[in-house]
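Asks: Fold the following, please.
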Amino acid sequence: MSHRRAGGTTLIPLTATGPSVGTADMEGRLPVRKLLVPVGLALLLAVANVIPVTASEGSKRVTIDVHGAFDSPTGTFTARGPICGSGITSDVVIITSRGSRLFFDDRKTFTCADGSGTFTFHVLASVRPCDPIDHGTWTVVGGTGRYRELRGAGKDIGRYFPGDSCNADGIDDTFTGVMGS
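Replies: Numbering: from 1, shown residues only. Predicted structure coming up:
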(Lines give C-alpha, C1' and ligand atoms only; values in the text may rest on other atoms or scores of the structure.)
Protein backbone atom coordinates (compact mmCIF):
# COMPACT_ATOMS: atom_id res chain seq x y z
CA MET A 1 0.00 0.00 0.00
CA SER A 2 1.49 3.33 -0.95
CA HIS A 3 1.01 6.43 1.16
CA ARG A 4 1.30 9.98 -0.11
CA ARG A 5 1.47 13.20 1.83
CA ALA A 6 -0.70 16.02 0.57
CA GLY A 7 -0.60 19.35 2.35
CA GLY A 8 0.62 17.82 5.65
CA THR A 9 -2.01 15.05 5.64
CA THR A 10 -1.16 11.39 5.03
CA LEU A 11 -3.50 9.79 2.50
CA ILE A 12 -4.20 6.05 2.32
CA PRO A 13 -5.96 4.23 -0.52
CA LEU A 14 -9.59 3.27 0.14
CA THR A 15 -10.51 -0.25 -0.86
CA ALA A 16 -13.82 -0.66 0.99
CA THR A 17 -17.12 -0.09 -0.73
CA GLY A 18 -20.10 1.74 0.69
CA PRO A 19 -20.36 5.05 2.51
CA SER A 20 -17.10 6.47 3.82
CA VAL A 21 -16.21 8.83 6.62
CA GLY A 22 -14.52 12.06 5.58
CA THR A 23 -13.65 13.31 2.13
CA ALA A 24 -11.38 11.37 -0.23
CA ASP A 25 -9.03 13.06 -2.67
CA MET A 26 -9.32 12.75 -6.46
CA GLU A 27 -7.67 9.31 -6.41
CA GLY A 28 -10.06 7.89 -3.79
CA ARG A 29 -7.72 8.23 -0.81
CA LEU A 30 -8.97 9.35 2.60
CA PRO A 31 -6.88 11.49 4.98
CA VAL A 32 -5.71 9.26 7.86
CA ARG A 33 -6.68 11.74 10.57
CA LYS A 34 -10.27 11.93 9.27
CA LEU A 35 -10.49 8.13 9.38
CA LEU A 36 -8.78 7.60 12.73
CA VAL A 37 -10.99 9.94 14.75
CA PRO A 38 -14.30 8.15 14.06
CA VAL A 39 -12.69 4.69 14.19
CA GLY A 40 -10.91 5.52 17.46
CA LEU A 41 -14.11 6.94 18.95
CA ALA A 42 -16.08 3.85 17.94
CA LEU A 43 -13.45 1.55 19.50
CA LEU A 44 -13.38 3.60 22.70
CA LEU A 45 -17.17 3.47 23.01
CA ALA A 46 -17.21 -0.26 22.30
CA VAL A 47 -14.58 -1.01 24.94
CA ALA A 48 -16.26 1.25 27.53
CA ASN A 49 -19.58 -0.54 27.03
CA VAL A 50 -18.22 -4.10 26.87
CA ILE A 51 -15.59 -4.34 29.61
CA PRO A 52 -17.85 -3.73 32.63
CA VAL A 53 -20.53 -6.11 31.33
CA THR A 54 -18.02 -8.93 30.70
CA ALA A 55 -16.05 -8.39 33.92
CA SER A 56 -16.57 -12.02 34.97
CA GLU A 57 -18.75 -15.02 34.28
CA GLY A 58 -22.02 -14.67 36.18
CA SER A 59 -21.77 -10.91 36.72
CA LYS A 60 -25.06 -9.08 37.09
CA ARG A 61 -25.91 -5.41 36.79
CA VAL A 62 -26.14 -3.48 40.04
CA THR A 63 -27.41 -0.06 41.09
CA ILE A 64 -26.74 1.27 44.57
CA ASP A 65 -28.18 4.58 45.78
CA VAL A 66 -26.39 6.09 48.79
CA HIS A 67 -27.57 9.04 50.86
CA GLY A 68 -24.88 10.63 53.00
CA ALA A 69 -25.08 13.76 55.15
CA PHE A 70 -21.72 15.38 55.87
CA ASP A 71 -22.56 15.82 59.56
CA SER A 72 -23.13 12.07 60.07
CA PRO A 73 -20.47 9.32 60.31
CA THR A 74 -22.70 6.92 58.33
CA GLY A 75 -24.97 6.99 55.32
CA THR A 76 -27.78 4.76 54.12
CA PHE A 77 -28.13 2.74 50.92
CA THR A 78 -30.67 0.84 48.85
CA ALA A 79 -29.63 -1.56 46.11
CA ARG A 80 -30.85 -3.54 43.13
CA GLY A 81 -28.78 -6.47 41.93
CA PRO A 82 -26.93 -9.50 43.35
CA ILE A 83 -26.44 -7.95 46.83
CA CYS A 84 -28.57 -7.10 49.86
CA GLY A 85 -31.35 -4.56 49.43
CA SER A 86 -30.35 -1.97 52.04
CA GLY A 87 -28.06 -1.00 54.89
CA ILE A 88 -25.61 1.62 56.09
CA THR A 89 -22.32 2.95 54.73
CA SER A 90 -19.15 4.31 56.29
CA ASP A 91 -16.21 6.03 54.61
CA VAL A 92 -12.49 6.61 54.96
CA VAL A 93 -11.75 9.44 52.50
CA ILE A 94 -8.60 11.25 51.43
CA ILE A 95 -9.26 14.50 49.56
CA THR A 96 -6.55 16.15 47.48
CA SER A 97 -6.56 19.25 45.32
CA ARG A 98 -4.77 19.42 41.97
CA GLY A 99 -5.27 22.38 39.70
CA SER A 100 -8.94 23.26 39.50
CA ARG A 101 -10.23 19.88 40.76
CA LEU A 102 -10.76 18.07 44.04
CA PHE A 103 -10.00 14.32 44.04
CA PHE A 104 -11.57 11.81 46.43
CA ASP A 105 -9.89 8.50 47.28
CA ASP A 106 -12.56 6.70 49.33
CA ARG A 107 -12.86 3.29 50.99
CA LYS A 108 -16.64 2.98 51.29
CA THR A 109 -17.94 0.05 53.34
CA PHE A 110 -21.52 -1.17 52.93
CA THR A 111 -23.02 -3.06 55.90
CA CYS A 112 -26.13 -5.02 54.95
CA ALA A 113 -29.24 -4.60 57.12
CA ASP A 114 -30.16 -8.27 56.66
CA GLY A 115 -26.92 -9.43 58.34
CA SER A 116 -25.58 -11.13 55.20
CA GLY A 117 -22.22 -9.34 55.40
CA THR A 118 -20.30 -6.28 54.27
CA PHE A 119 -18.52 -5.24 51.09
CA THR A 120 -16.07 -2.42 50.44
CA PHE A 121 -15.56 -0.25 47.38
CA HIS A 122 -12.47 1.70 46.44
CA VAL A 123 -13.99 4.86 44.95
CA LEU A 124 -11.99 7.39 42.93
CA ALA A 125 -13.98 10.54 42.11
CA SER A 126 -13.38 14.18 41.28
CA VAL A 127 -15.27 17.47 41.20
CA ARG A 128 -14.56 21.05 40.22
CA PRO A 129 -15.15 23.24 43.27
CA CYS A 130 -18.75 24.43 43.45
CA ASP A 131 -20.02 22.03 40.76
CA PRO A 132 -23.28 20.26 41.73
CA ILE A 133 -22.13 16.81 40.51
CA ASP A 134 -19.00 14.68 40.86
CA HIS A 135 -18.02 11.66 38.76
CA GLY A 136 -15.94 8.61 39.53
CA THR A 137 -15.31 4.90 39.33
CA TRP A 138 -15.53 2.10 41.89
CA THR A 139 -14.07 -1.36 42.37
CA VAL A 140 -14.95 -4.00 44.97
CA VAL A 141 -11.88 -4.51 47.18
CA GLY A 142 -13.22 -6.73 49.97
CA GLY A 143 -16.14 -8.36 51.67
CA THR A 144 -17.33 -10.52 54.55
CA GLY A 145 -20.01 -13.18 54.93
CA ARG A 146 -21.96 -13.74 51.72
CA TYR A 147 -19.74 -11.13 49.97
CA ARG A 148 -16.33 -12.66 50.77
CA GLU A 149 -15.75 -13.59 47.09
CA LEU A 150 -17.59 -10.59 45.59
CA ARG A 151 -16.04 -8.90 42.54
CA GLY A 152 -17.26 -5.89 40.62
CA ALA A 153 -16.65 -2.45 39.18
CA GLY A 154 -18.50 0.48 37.69
CA LYS A 155 -19.21 4.19 37.67
CA ASP A 156 -20.33 6.67 40.31
CA ILE A 157 -22.27 9.91 39.95
CA GLY A 158 -22.63 12.04 43.06
CA ARG A 159 -25.21 14.83 43.37
CA TYR A 160 -24.59 17.32 46.14
CA PHE A 161 -27.56 18.53 48.16
CA PRO A 162 -29.16 20.98 48.57
CA GLY A 163 -27.04 22.70 45.90
CA ASP A 164 -23.43 22.73 44.75
CA SER A 165 -20.36 21.12 46.32
CA CYS A 166 -19.28 24.40 47.99
CA ASN A 167 -22.47 24.77 50.04
CA ALA A 168 -23.61 21.15 50.35
CA ASP A 169 -24.95 19.40 53.43
CA GLY A 170 -24.32 15.99 51.86
CA ILE A 171 -24.21 13.91 48.72
CA ASP A 172 -26.47 11.37 47.01
CA ASP A 173 -24.32 8.86 45.09
CA THR A 174 -25.54 6.44 42.46
CA PHE A 175 -23.18 3.52 41.79
CA THR A 176 -23.86 1.50 38.64
CA GLY A 177 -21.91 -1.42 37.22
CA VAL A 178 -21.64 -5.18 37.53
CA MET A 179 -21.03 -7.55 40.44
CA GLY A 180 -20.61 -11.29 40.84
CA SER A 181 -18.54 -13.94 42.61
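
Asks: From residue 132, how far out is the residue nearest to residue 159 when sequence neighbours are not counted?
Replies: Nearest residue to residue 159 in three dimensions, chain neighbours excluded: residue 172, at 5.0 Å (CB to CB, 6 or more residues apart in numbering). Every C-beta, even on glycine, is put in place using the N, C-alpha and C of the backbone. Distance of residue 172 to residue 132, given as CB to CB, to the nearest Å: 11 Å.

Asks: Also residue 148?
Replies: 37 Å.

Asks: which of these two has more neighbours?
Replies: Taking neighbours as other CB atoms under 10 Å, residue 148 and residue 132 compare with residue 132 leading, 16 against 12.

Asks: In this model residue 167 seems to touch the more buried one, though I could be wrong.
Replies: No. With contacts counted by CB atoms under 8 Å, residue 132 stays clear of residue 167, the gap being 9.9 Å.

Asks: Neighbouring strands - and their directions - for the host helix or strand of residue 159?
Replies: Residue 159 belongs to strand 151-161 when assigned by DSSP states H and E. Under the criterion DSSP bridges, strand 151-161 sits next to strand 133-143 (antiparallel), strand 170-180 (antiparallel) in its sheet.

Asks: Which parts of that strand count as buried, going by neighbours?
Replies: For strand 151-161, the neighbour count (16 or more other CB atoms under 10 Å) marks 151, 152, 153, 154, 156, 158, 160, 161 as buried.

Asks: Nothing else from me, thank you.
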